[in-house]
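Participant: the following comprises the amino acid sequence and a computationally predicted model.
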Amino acid sequence: MVNSQVGGGVASPPRSCAGCGGKIADRFLLFSMERYWHTRCLNCSCCHAHLGDIGTTCYSKGGMILCRSDYIRLFGHSGACSACGQSIPANEMVMRAQGNVYHLKCFTCATCRNRLVPGDRFHYVNGTIFCEHDRPGGALLSSHLPPLQSNPVLPDQKVC
């Protein structure tokens, strides 16, 4: 995203805003995704923050324009599945665990490779997912030891 000043002594043709379609006659304009924007029109699709006011970068995926916070919230730090590393399309349902994002097909037990579905209990140990039956040390737990952390699996759709 580039914040540009219009003019500078040289007359330039009026540009149209990609957001509202109106002519940009303001002193400043933004250039992002190969299009020009009024500073008030380039907004995050989720939180509606004015992107020119909160930083110098914005993200675009799945037809959405996003601030850094919402991009990371929706797609993780890389926009990729934490298991396979492949990109996750914006309209795809995902599973989340400890801040990581997974394709539904990749959210599997590390031991038995069974896919975990919403409602299944799982254990997340050192970045690895285990089903209820394959948790490490499961047979060694006694009543005086604290149980391993277990989490219900919840689907998480990428919507704002």
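Facilitator: Nice, I can see it.
Participant: now do the same for the residue nearest to I54 when sequence neighbours are not counted: its pLDDT.
Facilitator: Excluding the flanking residues, the one nearest I54 by CB to CB, 6 or more residues apart in numbering is C67, at 6.0 Å. For every residue, glycine as well, the C-beta is placed using N, CA and C. With respect to pLDDT, C67 has a value of 88.
Participant: contacting residues for C67?
Facilitator: If you count contacts by CB atoms under 8 Å, 6 or more residues apart in numbering, C67 has them with 44, 46-47, 49, 51, 54-55, 58-59.
Participant: all helices of the protein, in order?
Facilitator: Along the chain, counting by DSSP state H, helices occupy 51-54, 68-75.
Participant: as JSON lines, the ones you listed with distance to S82 would be great.
Facilitator: Converted to JSON lines, those look like this (distance: least, CB to CB, whole Å):
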{"stretch": "helix 51-54", "distance to S82": "27"}
{"stretch": "helix 68-75", "distance to S82": "11"}
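Participant: any chance of a markdown table for those, columns mean neighbour count and distance to M93?
Facilitator: Output for these, formatted as a markdown table (neighbours: other CB atoms under 10 Å; distance: least, CB to CB, whole Å):
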| stretch | mean neighbour count | distance to M93 |
| --- | --- | --- |
| helix 51-54 | 18 | 27 |
| helix 68-75 | 18 | 12 |
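Participant: which residues of the protein score low on pLDDT?
Facilitator: 1-12, 76-78, 90, 138-160 (pLDDT under 70).
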